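Q: no FASTA, just this:
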């Protein structure tokens, strides 16, 4: 059974076809600005491939309700029912992009992951996920009775209050509070968060660090010539560890805490040398509770597409898989 999978962002749409399992082919990227609707891109792609899928799944950068979403910065309305009718699909899913990440986690293995402390994950236990990128996605998987199904949870936990572990972090948060009022976890743990940390630390040190983007800050941190950038990256990982540990506590995530997104894999050596795990386990009387909970960095480059393909394959073969 041929299946269509797609990752729809504000700027680009990526489409691929899957014959069986989770191995896709004919992956192509399209510029959204060149089309008036997703349907036009799908039609163009399928005409080029010379065939029609029987099922499809799309990951969309936006809040999905009832199989529908309106892209905030594109104006498109994407509707699973409408897509199914237009392309004669027996089944069509539209899910939030972070939901697609969660759907991909049970399919990850081996080189797809790097463990950062803790013991082995328990297959029948909840999973927590956080993904620093443009923002900070937070979610999880609540397992079903068979340990492999269950439900995907996608929350707005990235906007929960950011807590300080020491006086230095308190000073950082105070600088950000003056700018933003409410200081959420996303204000520190995201691409923009790294920029915010750099600016706050520059103010604390009395240095004019200017307006640098996250990529430039990361490069400066690794280059060794910018102490403020180096501390900004270090604090990024420490805040990330603390929030990841909070999720471990909140979810009872003995199935593991998974770090998604492209930021951490880009700085793997710095991450390994950071205080991430110390911050993860620094939970006072509950440190012993989280000590055993494993954390993983997702290294798979296309985990959203993997999640879409795996969920469709599980449905076709009547196997349990997390549901959104």
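A: Nice, thanks for sending it over. Remember, it's a predicted structure, so these values are computed and weren't measured experimentally. Residues are numbered from 1 along each chain as shown.

Q: how about the most centrally placed residue in the chain, secondary structure?
A: Nearest to the mean C-alpha position of the chain, by CA atoms, centre = their mean, lies residue 131 at 3.4 Å. The three-state label given to residue 131 by DSSP: H, G, I helix; E, B strand; the rest coil is strand.

Q: how about it, what does it touch?
A: Residues in contact with residue 131 (CB atoms under 8 Å, 6 or more residues apart in numbering) are 98, 101, 137, 138, 259, 260, 261. C-beta coordinates here come from the backbone N, C-alpha and C atoms, glycine included.

Q: once you drop chain neighbours, what's closest to it?
A: Spatial nearest neighbour of residue 131, chain neighbours left out: residue 260 (3.5 Å); criterion: CB to CB, 6 or more residues apart in numbering.

Q: relative to residue 99, how far out is that neighbour?
A: Residue 260 is 12 Å from residue 99, where distance means CB to CB, to the nearest Å.

Q: residue 138 against residue 132, yeah?
A: No. Using CB atoms under 8 Å, residue 138 is not in contact with residue 132; the gap is 10.0 Å.

Q: mind checking how far residue 241 is from residue 86?
A: Taking CB to CB, one finds residue 241 at 46 Å from residue 86.

Q: show me which of these two is the more surrounded one.
A: residue 241 (27 against 14; other CB atoms under 10 Å).

Q: mind checking the backbone torsions on residue 158?
A: Main-chain dihedrals, residue 158, degrees, to the nearest 10: phi -70, psi -20.

Q: who are the contact partners of it?
A: Contacts of residue 158 (CB under 8 Å, 6+ apart): 130, 135, 136, 137, 138, 184, 185, 186, 189, 190.

Q: now do the domain split for the chain, please.
A: Domain assignment for the chain by automatic domain parsing gives 3-103+302-316, 113-299.

Q: would TSV of these with mean pLDDT be doable?
A: Output for those, formatted as TSV (pLDDT from 0 to 100):
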stretch	mean pLDDT
domain 3-103+302-316	93
domain 113-299	95
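
Q: please consider this matter closed, and thank you.
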